[in-house]
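Engineer: build me a structure from this.
(chains A and B)
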Amino acid sequence: MTYAVTDNCIACKYTDCVDVCPVDCFYEGENMLVIDPIECIDCGVCEPECPADAIIADTAPDAEKWVAMNTKYAALWPVILSSKEPLPDADDHDGTPNKFETLFSEAPAVQA
Amino acid sequence: MNVQAVKTLPDAQTVTSVNHWTDTLFSFRVSRPKSLRFRSGEFVMIGLLKDDGKPLLRAYSIASPSWDEELEFYSIKVPNGPLTSRLQKIEEGDEIILRPKPVGTLVLDALLPGKRLWMICTGTGVAPFASLLRDPETYEAYDQVILAHTCRTKAELAYGAALAKALPDDPLIGELVGDKLHYYPTTTREPSANEGRISDHIRSGEVFEKLGLPQWNAAEDRIMICGSMALNKDIMSLCEAQGLTEGANSNPAEFVVEKAFVD
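Structural biologist: Presented below is the predicted three-dimensional model:
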């Protein structure tokens, strides 16, 4: 069991989830976060914290592809340990459909 | 010569006392890192080192209130459970690992102001409420506080029962508790004053009748839920049926659920 970040995180990246994760299992891409399903303890605290409702349990419909996508990028991106400012146009992008197809960046977050 | 034990564990804390409540339930207290701040109701990761030298950690609610100098935990003993089969053998002076990042949604901050705070739990799900029930803020924020705890037997209720009984006479917060606290235990596999699941007592109205309290309404009632997956789902749907919505730290509302302790 795990939680996974879905495409509504893309171009928003509010990062509220990061501060409430007890095991620090969020990884940061240029414009999205993902959860490492191996590290996630399924506590569910992050799910209601996401302003964009982008986090789902792996029992949700359609979860499989997001778990696979999260697994892939958690291995490629750096861990994020504390929240930061959302992306500049976060509120405009919250709810935009098909963000994975149109806005997703595979690049890891730039390390400060 | 008195040789100080070398702390070999990462984030090690020392066990100060252990209390075995039944064959399957125990509580224990450990030293608290000076820098550790938490809000009553939150949980942390605790554990032991595995034979291969890696930490084996599980999420545990802190059962002590935020002002306490030590940290208390309440645990089940799972036969062959990777952690609890070993954790149940800890004794005073032993060390455990405690990761210093407390988090959680069973906190007063995740609820909008209200009149009555209902704490609904099964089994060891009473632990975060043992923290909140000993926090003065709980009684400052609410007129009535209800602890509804369901277990299979009366013996399994003992930890919560002892707490509820002692609170009104507590030298520190007894006066604040006053007559605000209602304790409503139910048993599912042994005769008692309140038999059956708490969800059925809510559905039938029995709990409201017995306590002399009104049915839940979104303006006045706040609900915290911590128990088995079945209980969590059941109570959540009862909340939603009364027009209550789920809160979070970033968006306080009328009820909150802890999902970390599902069986």
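
Engineer: in the stretch 151-263 of chain B, what residue is nearest chain A?
Structural biologist: Residue nearest to chain A within the stretch 151-263 of chain B: B:Lys259 (3.2 Å; CB to the nearest CB). C-betas here are computed from N, CA, C, even on glycine.

Engineer: touching, that residue and B:Leu231? I think so.
Structural biologist: No: judged on CB atoms under 8 Å, B:Lys259 makes no contact with B:Leu231 at a distance of 11.6 Å.

Engineer: so which of the two has more stuff around it?
Structural biologist: B:Leu231 (23 against 20; other CB atoms under 10 Å in any protein chain shown).

Engineer: output the contacting helices and strands for the lowest-mean-pLDDT helix or strand in chain A.
Structural biologist: Lowest on mean pLDDT, DSSP states H and E among the helices and strands of chain A sits helix A:46-49, with a mean of 90. On a contact count with 3 or more CB pairs under 8 Å, 6 or more residues apart in numbering or on different chains; DSSP states H and E, helix A:46-49 meets helix A:16-20, strand A:55-57.

Engineer: now those as a markdown table including mean pLDDT and distance to A:Phe100?
Structural biologist: Below are the helices and strands packed on helix A:46-49 laid out as a markdown table (pLDDT from 0 to 100; distance: least, CB to CB, whole Å):
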| stretch | mean pLDDT | distance to A:Phe100 |
| --- | --- | --- |
| helix A:16-20 | 93 | 18 |
| strand A:55-57 | 96 | 14 |
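
Engineer: does any part of the longest helix anywhere in chain B sit near chain A?
Structural biologist: For chain B, the helix with the greatest residue count under DSSP state H is helix B:229-241. No: Helix B:229-241 lies apart from chain A when judged by CB under 8 Å from any CB of the partner chain; the minimum separation is 9.6 Å.

Engineer: and that helix, how far from the chain's centre?
Structural biologist: 18 Å (CA atoms, centre = their mean, to the nearest Å).

Engineer: show me the contacts for the closest residue to A:Ala75 other than its chain neighbours.
Structural biologist: Among residues not flanking A:Ala75 along the chain, A:Asp36 sits closest, at 7.8 Å (CB to CB, 6 or more residues apart in numbering or on different chains). Going by CB atoms under 8 Å, 6 or more residues apart in numbering or on different chains, A:Asp36 touches A:Cys25, A:Phe26, A:Tyr27, A:Asn70, A:Thr71, A:Ala74, A:Ala75.

Engineer: show me the strands in chain A, by range?
Structural biologist: For chain A, applying DSSP state E gives strands covering A:3-5, A:26-28, A:33-35, A:55-57.

Engineer: ok, residues contacting the first one?
Structural biologist: Read it as strand A:3-5. Counting by CB under 8 Å, 6+ apart, A:17, A:26, A:32-35, A:37, A:40, A:42, A:44, A:46-47, A:54-58, A:63, A:66-67, A:69-70 sit against strand A:3-5.

Engineer: ok, that strand: who's next to it in the sheet?
Structural biologist: Strand A:3-5 has the following sheet partners, assigned by DSSP bridges: strand A:55-57 (antiparallel).

Engineer: buried residues in the strand it pairs with?
Structural biologist: A:Ile55, A:Ile56 (16 or more other CB atoms under 10 Å in any protein chain shown).

Engineer: enumerate every residue touching the spatially closest residue to B:Asn249 that is not a sequence neighbour.
Structural biologist: Counting by CB to CB, 6+ apart, B:Asn249 lies nearest to B:Ala110, which is 5.2 Å off, once chain neighbours are set aside. Neighbouring residues of B:Ala110 by CB under 8 Å, 6+ apart: B:Gly247, B:Ala248, B:Asn249, B:Pro252, B:Ala253, B:Val256.
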